[in-house]
Structure formats: structure tokens, C-alpha cells
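> Fold the stuff below for me.
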Amino acid sequence: MGYISEIRKFIGSRPIISVGATILVVNEKREILFQHRSDTLDWGLPGGSMELSETLDEVASRELKEETGLVADRFELIGVFSGPRYYFRYPNGDETYSVINLYRAIDVSGKLEMNDGESINLEYFSKDNLPDNIEKRAKALIESLGDKLWNLHNSFVDNS
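Got it, this is the predicted structure:
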């Protein structure tokens, strides 16, 4: 059971501040990896909340592996995002104000795999072919970054 789940036992669904990492995985075509989420049925970016004693880099590494099966040699901090645009209400009623530490995964390897039940699908999308139903916080990140998002360099290692 995770830190947030433990807190929820005491405070219920009331709003909390959650700190976490969201990861941009950019393939060789400069497409961004999205996960079709099983909880909200929309498309988001891989990531999740920090657990006790973790560093943010460890959060990024753990969440990337759990949600996508991929591994990155390192992570580059793109920015920290917070405020009303990053408020979220989950289908179960839990409310959170997210403090998102957005990372770009560098030197990514592995095979896409859905390991933790949080995804229905994993798919890369280009700037001109984004899914219609993007999760609210992911959409805010995309809008905040603008063209900078689509000018990120290749982050994959050729495993062939």
C-alpha cells in the first residue's frame, strides 16, 4: 500500500497535495508516449506519486518501469508544474492538487509492457495526431510547454 493510500484512510477523499514525477518518452520520430489510463479511460503521460524516502529521480524510474516496461539511463528535469490547472478529481472522488516534476527520459531501452494494471494501452502520438481525450493535467502540461515539447531530442537507445 502506498503513501497516498495510507493518508486516504485518515482523510478520505478531501483534497491533498501530491508530489510526483511525470515522464516524457520521446521516440526517434519525436512522438510522445501516452498511456490509455484504466481509471479515467483517457490518455495521460506515465508517472505517479512519490513514496516515502524516494527521490524524484527514483519516482520517475519506478513509474516508468511499472507503467511502461521501459528503463531510462537518466532523466532530465523539464520543469515543475503546480496550481489550479493541476487539480484533479479521480473517478472514486479522491481530490488532489498535483505538484508535477516533469522529466524527459534519456537513453531509453526495453519493450513496451503494461505491468501494473493502470493502462489499457500504450501508444506514441505525434503533434498532429494527438488523442481526443487527453487527461486534464497532461493537457495542461502540453499547453504549458507548447512547441518546446515537440523539439525534444531523441531519447532512445537502439537495442537491435
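> residues touching residue 14, list them.
By CB atoms under 8 Å, 6 or more residues apart in numbering, the contact set of residue 14 is residue 95. For glycine as for every other residue, the C-beta is placed from the backbone atoms N, C-alpha and C.
> Quick one, grab the pLDDT at it.
Note on residue 14: pLDDT of 98.
> helix, strand or coil for it?
The local conformation at residue 14, judged by DSSP: H, G, I helix; E, B strand; the rest coil, is coil.
> Same check on residue 64?
Under three-state DSSP, residue 64 comes out as helix.
> Was I right to think residue 136 contacts residue 84?
No. Applying CB atoms under 8 Å, one finds residue 136 not in contact with residue 84, separated by 11.0 Å.
> Between these two, which has more neighbouring residues?
More crowded of residue 136 and residue 84, by other CB atoms under 10 Å: residue 136, with 15 against 7.
> which residue packs closest to that one, ignoring adjacent ones?
residue 88 (6.3 Å; CB to CB, 6 or more residues apart in numbering).
> The one you found - how many residues pack around it?
Other residues lying near residue 88 total 16 when counted by other CB under 10 Å.
> Need phi/psi at residue 19.
Dihedral pair for residue 19: phi -100, psi 140, per degrees, to the nearest 10.
> need the contact list for it.
So residue 19 contacts 49, 50, 56, 98, 99, 101 (CB under 8 Å, 6+ apart).
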